[in-house]
Each structure stands twice: as structure tokens, then as C-alpha cells.
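# Turn this into a model:
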Amino acid sequence: MAGGLFKLMKDKSVDHSHLHKDHSIHHPTPPRSFFSSSSLAVHPNVETAQSSSEEDLRMPNIKVFSGSSHPDLSTRICERLQLEVSKASLKKFSNKETNVEIGESVRGEDVYIIQSAAGEINDNLMELLIMINACKIASSCRVAAVIPAFPYARQDKKDKSRAPISAKLVANMLSVAGADHIITMDLHASQIQGFFDIPVDNLYAEPAILKYIKESIPNWQTSVIVSPDAGGAKRVTSIADRLNVDFALIHKERKRANEVEKMTLVGSVEGKVAILVDDMADTCGTICMAADKLVEAGADKVYAFCVHGIFSGPALTRLNASKFEAVVVTNTIPQDENMKKCSKIQCIDISMILAEAIRRTHNGESVSYLFSHVPIC
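Numbering: from 1, shown residues only. Here you go, the predicted model:
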């Protein structure tokens with residue numbers, strides 16, 4: 001009897017191995033990655049080809065939500081990703097409390113929430129935190145905050161007694177809310193990345209600025225790249241090296257925040273096109289004084305490139321009266337209204353950089369390519 005039982009068990013194991021072998025042969029092929037191309041010729045009929053093509057253009061398991069700070073940028077990013085902006089209801093109660101309702105399932109999804117430091121910064125920051133938390137407790141797989149302009153980035157160090165380090169506080173709030181990843185652009189100070197215990201991708205608008213300079217500024221080959229302060233020297237030297245042109249520096253002494261007492265130009269701009277480069281333009285007092293200084297030093301024309309165009313207070317009035325040929329900013333912050341009020345403001349669209357960063361992050365690819373190239377999509 002024992003021998004018969006052993007023979008029966010042996011026969012069953014043979015059958016099981018046959019089933020496993022058959023199952024592996026007919027296992028479906030894994031789906032192709034987003035943006036992969038497929039030829040219609042490989043499909044037996046047109047309907048199957050169209051269906052497969054549509055599947056190739058879809059990015060699975062991803063939801064992209066937009067905060068209320070910059071819906072136009074969110075729409076542009078989603079268009080490049082060939083996705084719809086996910087549904088969410090964002091409103092305020094009568095006592096100004098922020099209310100968020102996520103309008104579709106995010107269970108097991110990778111969620112990207114786009115919110116910039118624009119408009120009512122404190123309200124928008126709170127809205128972002130609530131959206132992150134709402135998605136996190138709704139069982140999303142991963143939540144990434146896409147913050148083109150990081151709020152409170154200038155308060156990154158304790159430079160006087162009893163000063164807060166507000167950028168660190170914002171980092172803590174984002175982490176506690178449930179963010180798993182941060183995607184931002186041109187942080188005021190790169191060390192802000194160290195305030196987080198989660199991955200931070202700090203993208204750069206530099207490739208887009210270089211492309212704009214080469215395409216839109218006459219005689220850029222003989223230009224001088226100028227930093228309006230010592231803190232931007234690294235940024236300016238990087239751009240000057242890539243353009244193979246000279247650079248200069250303006251040393252400024254401040255009385256207090258947003259008020260400059262004295263400026264000294266280090267370098268020569270005489271008879272050349274001067275291109276001021278900075279990470280942000282707020283009240284524009286500094287760059288307007290710098291433009292005057294450069295014209296006094298003999299510059300033929302003066303341009304300004306600032307990644308984040310905040311333009312608060314008297315900024316637009318100062319720019320209209322300034323000696324700039326153009327002030328070029330990116331759309332990390334909405335610029336439509338500013339461009340209507342000041343004809344010197346021009347805008348570079350950086351949605352393709354953020355869209356490609358989201359795509360690469362979702363597919364587990366490297367984003368270092370974006371540090372030196374503008375994606376074509």
C-alpha cells in the first residue's frame with residue numbers, strides 16, 4: 001500500500017509540473033511603458049492596433065491633481081503627459097477654512113499634486129497639505145508634491161537672533177502631511193533639500209534659459225552674464241561657461257529686507273549686452289538698481305532672467321520705468337496678469353520639464369538628464 005501511495009503522489013507531481021509549464025507559456029506579456037511606440041503592421045487587424053496604441057499612450061496607476069494656485073500650469077503638464085487633471089473639489093467655508101474633496105479613487109495609485117507658491121501663499125500651502133493628507137489616508141501608493149516655486153524658501157537660515165528657519169518648518173509640515181517625494185524648481189538655497197528626510201528633486205530652469213538666450217537675444221555671443229548678488233555667483237558662472245562668454249558680479253549691501261543701500265560692479269560690461277540672472281524677482285528694487293548700474297558702466301542693453309517672477313508691491317511700476325529691454329521669467333508662478341500690466345515681462349514655459357520629471361519619476365527613471373537638457377515633448 002505504501003508503494004501505491006508513493007506512485008500516486010509521484011503521478012500527481014508530474015501533472016502539477018505539466019500545469020505549471022503550460023501556465024508559464026500562456027502568461028500575458030507585461031504592458032509597455034508610457035510613451036512607447038508601436039507599429040500597426042504587427043497587429044492582425046486595425047481595431048486591435050488602435051486599442052494597443054491607446055494603451056501605449058496611457059500612463060497606468062497615476063493621478064495628477066491641481067491645487068488652486070496655478071491651474072494653467074497643471075493643465076499644460078497634464079496635456080504633455082496625455083492625462084486628464086484628476087477631479088478634486090477645492091473650496092473655503094465661510095470662516096475661510098480650506099475644504100478639500102478628492103473626486104475619484106486613488107487607492108494603490110501614484111499621486112502627484114501640483115501647487116506653487118503663488119497668490120495667497122499661506123492658504124495654498126494649507127490646501128496642499130490637506131490634499132496630500134487626503135490622498136494618503138485614502139490608501140494611495142505614493143504621494144508626490146510638485147511645487148514649482150517653493151514657499152518660504154528665502155527663510156532658510158538663522159541669520160540673526162531669534163530668526164525662524166521657516167523653510168525647515170514647511171519641510172516638516174509636508175513630511176508629516178504624508179508626502180513621499182518633493183519635485184521643485186530652482187530652490188533659493190540648494191541646502192533646503194537637506195531639510196527633508198524624503199527624496200527631493202530640485203530641477204533647474206537653466207537649460208530653458210540658455211535656449212531662450214540663444215534664440216531670442218541678438219549678439220548674445222558677446223554678452224556678459226551678471227549676478228545681482230554674491231549668492232548667485234555659482235548660477236551665473238555655470239551659464240557663462242555653457243555660453244562661453246564673460247561674467248560679472250554686483251556686490252550689494254542691504255539696510256534691511258527688500259532695501260539695498262549700495263552696489264559695486266565687479267567686472268566689465270562696457271559696449272556689451274548685459275544679462276542679469278537671478279532665481280527670483282520680488283519687489284524688483286535690486287534688479288532695477290542693478291540695471292541702472294550696468295547702464296552707467298557702459299552696457300549697450302540690459303536683460304534680466306529670473307526663474308520665479310513674484311512681482312509684489314511696486315515691482316511692476318519699477319519695471320515699467322526701468323532700463324531693461326526685457327525681463328524674462330518662467331511660469332512657475334502665473335504671469336498672465338503681470339504681462340498685461342508690464343510689456344517688458346516675457347515668459348518661458350517650463351511645463352515640459354515638470355511633465356518629464358513626473359513621467360521619469362513614475363517610471364523609475366533617472367531625472368538627471370533634465371539638469372542639462374530641455375525635453376522635447
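
# Which residues belonging to stretch 123-132 are considered buried?
Of the residues in stretch 123-132, 124-132 count as buried by neighbour count, 16 or more other C-beta atoms under 10 Å. Glycine gets a C-beta too; all of them are placed from N, C-alpha and C.

# shaky segments in the chain?
1-59, 254-261, 377 (pLDDT under 70).

# List the buried residues in the strand ranked longest in the chain.
What stands out as the longest strand in the chain, according to DSSP state E, is strand 246-256. Residues of strand 246-256 classed as buried: 247-250, 252 (neighbour count, 16+ other C-beta under 10 Å).

# out of these, who's nearest Val374?
Using C-beta to C-beta, the shortest approach to Val374 within these belongs to Phe247, at 22.0 Å.

# correct me, but the closest one touches Lys234?
No: contact criterion C-beta atoms under 8 Å: Phe247 and Lys234 do not qualify, at 10.8 Å.

# Pick out whichever of the buried residues of stretch 123-132 sits closest to Leu276.
Asn124 (28.4 Å).

# who's in contact with that closest one?
Asn124 sits next to 67-69, 115-118, 151 when contact means C-beta atoms under 8 Å, 6 or more residues apart in numbering.

# All the helices of this protein, in order from the start?
2-25, 46-57, 71-81, 121-136, 166-177, 206-216, 233-243, 285-296, 315-320, 336-341, 351-362 (DSSP state H).

# and among these, the most buried is which?
helix 351-362 (a mean of 23; mean count of other C-beta atoms under 10 Å).

# Could you identify the most distant pair in the buried residues of stretch 123-132?
Maximum distance among the buried residues of stretch 123-132 (C-beta to C-beta): 12.7 Å, for Asn124 and Ile132.

# quick one on the thing from earlier: return the closest of the buried residues of stretch 123-132 with respect to Lys341.
Nearest to Lys341 among the buried residues of stretch 123-132: Asn124, at 21.8 Å, using C-beta to C-beta.

# The nearest residue in space to Leu83 that is not next to it in sequence: neighbour count?
Nearest residue to Leu83, sequence neighbours excluded (C-beta to C-beta, 6 or more residues apart in numbering): Val64, at 5.7 Å. A count of nearby residues for Val64, using other C-beta atoms under 10 Å, gives 23.

# got a list of what the residue nearest to Asn320 when sequence neighbours are not counted touches?
Distance criterion C-beta to C-beta, 6+ apart; nearest residue to Asn320, sequence neighbours excluded, is Cys342 at 5.5 Å. When contacts are counted by C-beta under 8 Å, 6+ apart, Cys342 touches 311, 316, 319-320, 327.

# what do you get if the cut-off is 6 Å, keeping everything else the same?
316, 319-320 (C-beta atoms under 6 Å, 6 or more residues apart in numbering).

# And for Val111?
Val111 makes contact with 63, 135, 140, 143, according to C-beta under 6 Å, 6+ apart.

# Please tell me how far the second one sits from Gly231.
When distance is defined by C-beta to C-beta, to the nearest Å, Cys135 is 36 Å away from Gly231.

# ditto for the third one
Taken as C-beta to C-beta, the spacing of Ser140 relative to Gly231 amounts to 38 Å.

# With the first one instead?
Taking C-beta to C-beta as the criterion, Lys63 is separated from Gly231 by 38 Å.

# Settle it for me: which of those two has more neighbours?
Neighbours were counted for Lys63 and for Gly231 using other C-beta under 10 Å; Lys63 has more, 22 against 13.

# Beta-bridge partners for the more buried one, please?
Taking DSSP bridges as the rule, Lys63 bridges to Val111.

# I figured it hits Arg107, correct?
No: using C-beta atoms under 6 Å, Lys63 is not in contact with Arg107, being 10.3 Å away.

# Just the closest of the contacts of Asn124 to Ser368, please.
Ser116 (23.3 Å).

# Could you pull up the residues touching the closest one?
Contacts here follow C-beta under 6 Å, 6+ apart; on that basis Ser116 touches 69-70, 148-149, 332-333.

# For Lys214, state which of those is nearest.
For the contacts of Ser116, the nearest to Lys214 is Thr332 (21.3 Å; C-beta to C-beta).

# check contacts around the residue lying closest to the closest one once chain neighbours are set aside.
Closest residue to Thr332 apart from its sequence neighbours, by C-beta to C-beta, 6+ apart: Pro148 at 3.6 Å. When the contact criterion is C-beta under 6 Å, 6+ apart, the partners of Pro148 are 116, 185, 332.
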